[in-house]
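Colleague: any chance you could fold what I've pasted below:
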Amino acid sequence: MKRFYFFILLAAVLVTCSSPNVIQPTPSAEVERSWWEEAVFYEIFVRSFYDSNGDGIGDFNGIAEKLDYLTDLGVNGIWLMPIHPSPTYHGYDVINYFNVNPQYGTITDFINLLDEAHRRGMHVIIDLVINHTSNKNPWFVNANSIPNSPYRNWYIWSETDPGYSSPLGDPWHPGNQGYYYGIFNGGMPDLNYTNPEAGAKMLQVVQYWLNTIGVDGFRVDAVKYLIEEGEKQENTVSTHNWLENFYITYKADKPEAFTVGEVWGAGAFAAKTYQNELDEIFSFELAGGFVNSAQGESNTGMNSAITFTLKDLPDGPYATFLTNHDQNRVMSVMNGKIDKAKVAAALMLTSPGTPFIYYGEEIGMEGVKPDEDIRRPMQWNGDANAGFTTGTPWRAPGVNYTQANVSDETDDPNSLLSFYRTFINLRNQHTALKNGSFSLVNTDNTGVYANLRINNSESILILVNLTKSPISNYNITLQEAQIQDGSYHLKSLFGQETQSELNVVEHAINNFKPLNDLSAYGIYIFQLEP
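Modeller: Sure, this is the predicted structure:
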């Protein structure tokens, strides 16, 4: 089956700091791209974003009230974490796939949120939790309690405990009639996709939310665990076969629908196997590169991640992020250092892929596990409860909310929020940053990172001092650059102006210094003008 959509990078030049070797595909004409290839997404935990009715729990109406904040930030896509009825605070164990969590509002409230987002030019995707249900889902309750239940074969059973483990622990749990399989825990029994009835029902769920309700797509949870083949539990052939049919079905139904898959820990090699099955896969490899290079003040993590990514997936598709709802927040990883958080954001927002920003990342919210503490209420201001609710919040705000909040950072030009706003809008305004070819540039210094983004309309050079000290001993070099020979003026889009002229000879950049000194954690974006 041929893909309906391709994530196209016009070229990929891969150069590590220790090697001048180059991988350079032939330039291609720019084509019309799918909406998600132009998007910057914002991940929202509904329970924690904004409470509109004072019950201490975030809701759909609260998000609708804050859409203008997201518009001002520059994001044009929203991913809502699970919105379905669930017995847990996180929602990743669904009781009813055809309704919404009443704590978040009604289906009418959700449709109003959807309409308001669409009116602002935003697309909305929701979490699709199809690997497992809740053990309180009526399907499982019936299967577990009634002999010869018609739902029995919707789940995976064994008369005795098979005794083998999974990557996440013991997957077998005692039920009323034997043992059932749940790779995450006993409260989340896995669906049996070898049963066509179960698979067909989940495709009905997909069609309902796409067509009847009108969402724009899905983030598919835990996709690599979908179908087991005996003791093989990850990335099985059966999983890929089911997803191929899933892809054909939803694209035939709604060609503009978008899916992004969570394949935990995936780099480009793993993500490549999901092409023609999902539109994009989250790149954990790149996320590690962004964060490790910013935290470690060395380009080796970033250079390695981008090199392997473009080697295996030169044409995508992948989604990028720094951290998400399952990881310690990036500001905590950076030990509260805003300059490092800015560097990490700059690395992500100037790289290929569709960026996803975890709510509060843009204001420097902190949080380390347990999970409840990395999903705390959004910090809107320095007032009681961080401006999240007039009632008692479901979880107390983070301790830094009086310093890191939307109200105090909005008009501060040096704030992290202002930085995110600037860089998201730079990406929105300059197509080369969204979908231009990517060349990794040799800098002769592990403390300096550089890349070159080019499309048919512009060429942009990105230069970052990853370290806490000024740097003067660096030069940038790029062989076989996809840029015409000649002399170029460097127009500053962000950072310091320069009078240096770039000379390209025989499609190569040799020992060029745009600036004599790079300031500590300095970030520079230059547009190359002939």
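
Colleague: got the buried residues for the helix or strand Lys201 falls within?
Modeller: Using DSSP states H and E, the element containing Lys201 is helix 196-207. Buried residues in helix 196-207, defined by neighbour count with 16 or more other CB atoms under 10 Å: 198-199, 202-203, 205-206. In short, each C-beta sits where N, CA and C put it, glycine included.

Colleague: next helix or strand past it?
Modeller: Per DSSP H and E, the first helix or strand lying C-terminal to helix 196-207 is strand 217-220.

Colleague: helix 196-207 and the helix or strand following that following strand, what's the angle between them?
Modeller: As assigned by DSSP H and E, the chain's next helix or strand after strand 217-220 is helix 237-253. In terms of direction (axes from the mean of the first three to the mean of the last three CA atoms, to 10 degrees), helix 237-253 departs from helix 196-207 by 40 degrees.

Colleague: pull the CA atoms of helix 237-253 into CSV?
Modeller: This file holds the C-alpha atoms of helix 237-253, laid out as CSV (Å, rounded to 0.1, in the frame of the first residue of the first chain):
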residue,chain,number,x,y,z
VAL,A,237,3.8,-8.7,12.9
SER,A,238,0.1,-9.0,14.0
THR,A,239,0.2,-5.5,15.4
HIS,A,240,1.6,-4.1,12.2
ASN,A,241,-1.0,-6.0,10.1
TRP,A,242,-3.9,-4.6,12.2
LEU,A,243,-2.6,-1.1,12.0
GLU,A,244,-2.3,-1.3,8.2
ASN,A,245,-6.0,-2.0,8.1
PHE,A,246,-6.6,0.7,10.7
TYR,A,247,-4.8,3.2,8.5
ILE,A,248,-6.6,2.3,5.3
THR,A,249,-9.9,2.5,7.2
TYR,A,250,-9.6,5.9,8.8
LYS,A,251,-7.9,7.5,5.7
ALA,A,252,-10.7,6.2,3.5
ASP,A,253,-13.2,7.6,5.9
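
Colleague: what sits up against that helix?
Modeller: With contacts defined as CB atoms under 8 Å, 6 or more residues apart in numbering, helix 237-253 is touched by 1, 4, 193-194, 199, 203, 206-207, 210-211, 223-229, 257, 259, 273-274, 276-278.

Colleague: could you redo the last one with a cut-off of 7 Å?
Modeller: Helix 237-253 is contacted from outside by 1, 4, 193, 199, 203, 206-207, 210-211, 224, 226-227, 229, 257, 273, 276-278, using CB atoms under 7 Å, 6 or more residues apart in numbering.

Colleague: do stretch 102-114 as well
Modeller: Defining contact as CB under 7 Å, 6+ apart, one finds that stretch 102-114 is touched by 46, 57, 59-61, 63-64, 83, 85, 99-100, 124, 213-215.

Colleague: from the chain's centroid, how far away is that stretch?
Modeller: Taking CA atoms, centre = their mean, to the nearest Å, one finds stretch 102-114 lying 24 Å from the centre of the chain it belongs to.

Colleague: okay, buried residues for that stretch please.
Modeller: By 16+ other CB under 10 Å, the buried positions in stretch 102-114 come out as 103-105, 109-111, 113-114.

Colleague: so which elements touch the lengthiest strand in the chain?
Modeller: Using DSSP state E, we find that the single longest strand of the chain is strand 486-494. For strand 486-494, the packing partners by 3 or more CB pairs under 7 Å, 6 or more residues apart in numbering; DSSP states H and E come out as helix 416-429, strand 501-504, strand 523-529.

Colleague: hang on, the earlier thing: so of the contacts of stretch 102-114, which ones are in strands?
Modeller: Taking DSSP E, the ones among the contacts of stretch 102-114 that sit in strands are Val124.

Colleague: ok, which pair from the contacts of stretch 102-114 is furthest apart?
Modeller: With CB to CB as the measure, no two of those lie farther apart than Ile57 and Gly214, at 24.3 Å.

Colleague: those two: who's more crowded?
Modeller: Counted by other CB atoms under 10 Å, Ile57 and Gly214 do not tie: Ile57 has more neighbours, with 25 against 14.

Colleague: show me the contacts for the more buried one.
Modeller: By CB under 7 Å, 6+ apart, the residues touching Ile57 are 47, 51, 103, 394.

Colleague: apply 10 Å and report the result again.
Modeller: For Ile57, the contacting residues are 46-48, 51, 89, 101, 103-105, 377, 388-389, 391-395, by CB atoms under 10 Å, 6 or more residues apart in numbering.

Colleague: list the buried ones in the helix or strand Ala305 falls within?
Modeller: Counting by DSSP H and E, the element that carries Ala305 is helix 300-312. Going by neighbour count (16+ other CB under 10 Å), the buried part of helix 300-312 is 300-310, 312.

Colleague: who does it touch, helix- and strand-wise?
Modeller: If you count contacts as 3 or more CB pairs under 10 Å, 6 or more residues apart in numbering; DSSP states H and E, helix 300-312 packs onto strand 12-13, helix 268-272, helix 284-296, helix 338-349, strand 437-440, strand 448-454.

Colleague: distance to Phe419 and mean neighbour count added to the ones you listed, as JSON lines?
Modeller: Below are those laid out as JSON lines (distance: least, CB to CB, whole Å; neighbours: other CB atoms under 10 Å):
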{"stretch": "strand 12-13", "distance to Phe419": "27", "mean neighbour count": "23"}
{"stretch": "helix 268-272", "distance to Phe419": "28", "mean neighbour count": "19"}
{"stretch": "helix 284-296", "distance to Phe419": "13", "mean neighbour count": "23"}
{"stretch": "helix 338-349", "distance to Phe419": "5", "mean neighbour count": "24"}
{"stretch": "strand 437-440", "distance to Phe419": "22", "mean neighbour count": "26"}
{"stretch": "strand 448-454", "distance to Phe419": "17", "mean neighbour count": "26"}
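
Colleague: which one of the ones you listed lies closest to Ile357?
Modeller: With CB to CB as the criterion, Ile357 lies closest to helix 338-349 of the helices and strands packed on helix 300-312, at 8.3 Å.

Colleague: just checking the distance from that closest one to the centre of its chain.
Modeller: Computed by CA atoms, centre = their mean, the separation of helix 338-349 from the middle of its chain amounts to 15 Å.

Colleague: what angle separates that helix from strand 486-494?
Modeller: Using the same axes, to 10 degrees, helix 338-349 lies at 130 degrees relative to strand 486-494.

Colleague: what helices or strands is the helix or strand that helix 338-349 is followed by leaning on?
Modeller: The C-terminal neighbour of helix 338-349 among helices and strands, as given by DSSP H and E, is strand 354-358. Packing partners of strand 354-358 (3+ CB pairs under 10 Å, 6+ apart): strand 41-44, strand 77-80, strand 258-261, strand 319-321, helix 338-349, helix 416-429.

Colleague: in JSON lines: these, plus mean pLDDT and distance to Gly169.
Modeller: Formatted as JSON lines, the helices and strands packed on strand 354-358 follow (pLDDT from 0 to 100; distance: least, CB to CB, whole Å):
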{"stretch": "strand 41-44", "mean pLDDT": "98", "distance to Gly169": "26"}
{"stretch": "strand 77-80", "mean pLDDT": "98", "distance to Gly169": "27"}
{"stretch": "strand 258-261", "mean pLDDT": "97", "distance to Gly169": "23"}
{"stretch": "strand 319-321", "mean pLDDT": "97", "distance to Gly169": "26"}
{"stretch": "helix 338-349", "mean pLDDT": "98", "distance to Gly169": "32"}
{"stretch": "helix 416-429", "mean pLDDT": "98", "distance to Gly169": "37"}
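
Colleague: now distance to Asn292 too, for the ones you listed, in TSV please.
Modeller: Putting the helices and strands packed on strand 354-358 into TSV (distance: least, CB to CB, whole Å) gives the following:
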stretch	distance to Asn292
strand 41-44	21
strand 77-80	24
strand 258-261	23
strand 319-321	14
helix 338-349	9
helix 416-429	19
